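Undergrad: sequence first, predicted model second:
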Amino acid sequence: LQLVESGGGLVQAGGSLGLSCAASGSTLDFYAIYWFRQVPGKSREGVSCISSNGGSTNYADSVKGRFTISRDNAKKTATLRMNSLQPEDTAVYYCAAGVDFNDGLGCERLHYDFWGQGTQVTVSS
């Protein structure tokens, strides 16, 4: 399974961006997707995740109400819609995939083995 992120860029505070995570090499049907972000010199932060069937999602408190995660298994893509962006959202954003057996374990508690290369999001004040 290979993952490629796209959609990053430069945006002014208050603006919006949509990140996409495209999968190849395997179906996404059995994988949860997690979006992480990282700023140089800081630890990686989990932003949002979605279960393999899209039935459950999880958001970091810092992005609740502003970001929306979704997925389209038929297209093998996952999307992170980011609204009301703030300078503190500036980071490299990564998508990751982890096997999800839909056994009730929240997507935020799964192990993520497959990672994309990341896409830069910069929010200017």
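TA: The structure has been received and is ready for your questions.
Undergrad: quick one: low-confidence parts of the protein?
TA: For the chain, no stretch is flagged by pLDDT under 70.
Undergrad: spatially central residue for it, please.
TA: W35 (2.3 Å; CA atoms, centre = their mean).
Undergrad: and that residue, how far is that from D103?
TA: Distance of W35 to D103, computed by CB to CB, to the nearest Å: 22 Å. Every C-beta, even on glycine, is put in place using the N, C-alpha and C of the backbone.
Undergrad: thinking again about what came up before, could you say which helix or strand contains the residue nearest to the centre of the chain?
TA: Per DSSP states H and E: W35 is located in strand 31-38.
Undergrad: and the contacts of that strand?
TA: 1, 19, 21, 23, 44-52, 69, 71, 78, 80, 89, 91-100, 107-108, 110, 112, 114, 118, 121 (CB atoms under 8 Å, 6 or more residues apart in numbering).
Undergrad: one more pass at 6 Å, please.
TA: Residues from elsewhere that reach strand 31-38 (CB atoms under 6 Å, 6 or more residues apart in numbering): 44-52, 78, 80, 91-98, 100, 107, 110, 112.
Undergrad: what strands line up against it, and which way round?
TA: strand 45-50 (antiparallel), strand 91-99 (antiparallel) (DSSP bridges).
Undergrad: kind regards, and thank you for your time.
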